[in-house]
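Trainee: I'd like to go over a predicted model; first the sequence, then the structure.
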Amino acid sequence: MDFRVGLVAVEVALSLLALLFILLGAWQRPNTSPTGAWAVAVLALIALGGFSLSSSGIDGVARSFYGLVVSDRLGAFLGLFSLISGLLVLFMSPAYLSREGIHKAEYYGLVFLSLVGGFFMFKAASLLTLFLGLEVLSMPLYVLCGLKRNFGKSPEAGLKYFYLGAFFSAVMLYGISFLYGALGTVNLEGLAALAISSNRHGLMCAFGLALLLCGLAFKAGLAPFHAWVPDVYEGAPTTITAFMATFVKVAAFGALIRILFSLPPDILPVLKPFGWLVAVLTMFAGNLGALYQTNIKRLLAFSSIAHAGYLLVGLLSFNALGQQGVLYYLLAYTFMNVGAFAVVIAFGQRGEENVTLDDLRGMGLRHPFLGVAMALFILSMIGIPPTAGFVGKYYLFAAALSAGMPVLAVIGVLNSVISLGYYLRVLVALFMMPEARAVIIPPKGFGAKVAVAACAVLVLWFGCFVSSPIAAFQGAFSQSMLQPGTIARLP
Amino acid sequence: MYTVVPLLILFVLSSVTAIVFVLANRLLGPQAMTPSKLEPFECGVEVYGPVRQPLHVRFYLVALLFVLFDVESVFFFPWAVILKDLGLVAGVEMLAFLLFLVGALAYAWKKGALEWD
């Protein structure tokens, strides 16, 4: 139990770079683009991603920061996903930000700070580390959501996210304080003492745990705490929407995994019905809400709610299949979602014009590369082979079946069918409708196209070559936690 | 138990007395309100405008900078008290914390947050 700064090297590097970028932003001359900062940011994320990939092969569990931060394979994998999401977002950022007139070096600093927060969320060994990570993740995002100050919906999105986020942070902290009151510790190992039946503080524990999970459910966009998602995703700059839809989900689900797998096994029968209800509500809220959307950013926002529901199905099955499925789906979801938003950016114009389904009419035939890539991402979101989304969904629902929850699996499949209703509307608009606009402005942004191409290749790759990532993800859990409650026996 | 009873009696008596006096004044006394009577008498500065004026956004920056240094001092004081026991690591940690604070101050300075006009 000592400091061991080497285990948090990625976080330290990200923090220092964030400080550097923010200071660069202050010295940046007006009407210039921070190309140097962008290049440094991209190179840094590639280097740190390589470092995370190499450290993801390490066995065992290590603690740093006097036992407050845990380093294991799960954390390394989730960190890798976060860095991939950040890197893809960085690729599509310069063209989009220049178009909207908000290309500042601070943007990169805030993205990096947010990444640091996420890292501490899913590497937390203590509830306070988790809360601190959540705050560090959220604060830069509040600012980034409201970055387009002259576009009315953007400040509104930032403010809505801030108020609700602050409220749910308070709720979560309240829950943590109850858990501390009942258990006398904020360490995750301490949660193993949470057995409701045998504890005389049972009500306090239940209350604290419920509030804690509510706070995380808000961040993950699970129903009934999902109402902010469409408005914030629509108003935020599209690059940040892609970042929030992928990275924040990774961080929130990473924290949920940490907490759920620290609980003693006998609490799970009590918890499962609630999780079941939340998963069903989330899937229906996302898919039924998306049916009515005409703005593609809102449509993707509702679809991200639905995907959070699918992820919860895998998490609730509490078996090896579900754990691999959650990791696989998080990765696949990162690629298909970032790719879809990159296509939206490539088709869009200054001031968030051109993002309704009507505007997309006929664009697939005029710009075949973007159109085909979007079709691929949409098919992956529906869950059609040979895409990564299919494999992920297969594992999630198979996990639910093998865990004895056939009804949940059936509801999940049913929701996939409902989701066809809006996903196919995008494809119909892209390929089967006459063009709507008289004047066609060619899509710009080389970086966005790079991101689209990378995402498309990776969606196909992870749809075809499944075995090696699945084996790696299996290792991620077997080292640290195969069954609920095992994290309590960590060194 | 007995020690509380006199206190309770005193509390009830004083409350009743105060309420009776205030009510009696309100019910029996003549009420001729003039504008000068409604003004606060010898109670601070004379009123010169409505209260609900929006504050200038500059004050927000001042408040933000205050938080910056406030948090700094909150962390520094306990650190300084037990620095000897914590050793070198704590010193380096606080220097790292200070680095970020100095960075924040430099950012605010460069952005003109310290200039009033």
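Mentor: On my side now, so go ahead.

Trainee: ok, now how distant is A:Gly348 from A:Ser467?
Mentor: 38 Å (Cβ to Cβ, to the nearest Å). Backbone N, C-alpha and C define where each C-beta goes, glycine included.

Trainee: so those two - more neighbours on which side?
Mentor: The neighbour count for A:Gly348 versus A:Ser467, taken as other Cβ atoms under 10 Å in any protein chain shown, is higher for A:Gly348 (25 against 7).

Trainee: give me phi/psi at that one?
Mentor: phi -80, psi 170 (degrees, to the nearest 10).

Trainee: on the three-state scheme, residue 33 is what?
Mentor: Because you didn't say which chain, this covers chain A. Three-state assignment for A:Ser33 (DSSP: H, G, I helix; E, B strand; the rest coil): coil.

Trainee: let's do chain B instead
Mentor: Going by three-state DSSP: B:Met33 is coil.

Trainee: ok now the longest helix along chain A, how far from the chain's centre?
Mentor: If you go by DSSP state H, chain A has its longest helix at helix A:153-183. Computed by Cα atoms, centre = their mean, to the nearest Å, the chain-centroid distance of helix A:153-183 equals 18 Å.

Trainee: other SSEs contacting it?
Mentor: When contacts are defined as 3 or more Cβ pairs under 8 Å, 6 or more residues apart in numbering or on different chains; DSSP states H and E, helix A:153-183 packs onto helix A:127-145, helix A:202-220, helix A:228-235.

Trainee: now those helices in a markdown table, with distance to chain B?
Mentor: Output for the helices and strands packed on helix A:153-183, formatted as a markdown table (distance: least, Cβ to the nearest Cβ, whole Å):
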| stretch | distance to chain B |
| --- | --- |
| helix A:127-145 | 12 |
| helix A:202-220 | 23 |
| helix A:228-235 | 22 |
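
Trainee: deepest of the ones you listed, which one?
Mentor: Highest mean neighbour count of these: helix A:228-235, a mean of 24 (counted as mean count of other Cβ atoms under 10 Å in any protein chain shown).

Trainee: what about A:Leu396, distance to B:Tyr107?
Mentor: Counting by Cβ to Cβ - A:Leu396 and B:Tyr107 are separated by 44 Å.

Trainee: who has more neighbours out of the two?
Mentor: Higher neighbour count among A:Leu396 and B:Tyr107: A:Leu396, with 28 against 19, using other Cβ under 10 Å.

Trainee: enumerate every residue touching that one.
Mentor: A:Tyr310, A:Leu311, A:Val313, A:Gly314, A:Gly322, A:Gly325, A:Val326, A:Tyr329, A:Gly412 (Cβ atoms under 8 Å, 6 or more residues apart in numbering or on different chains).

Trainee: next up, the contacts around the fifth one.
Mentor: Translated: A:Gly322. The neighbours of A:Gly322, taking Cβ under 8 Å, 6+ apart as the test, are A:Val313, A:Gly314, A:Leu315, A:Leu316, A:Tyr395, A:Leu396, A:Ala399, A:Ala400, A:Ala403.

Trainee: run the last query once more with 10 Å
Mentor: A:311, A:313-316, A:395-400, A:402-403, A:405, A:477 (Cβ atoms under 10 Å, 6 or more residues apart in numbering or on different chains).
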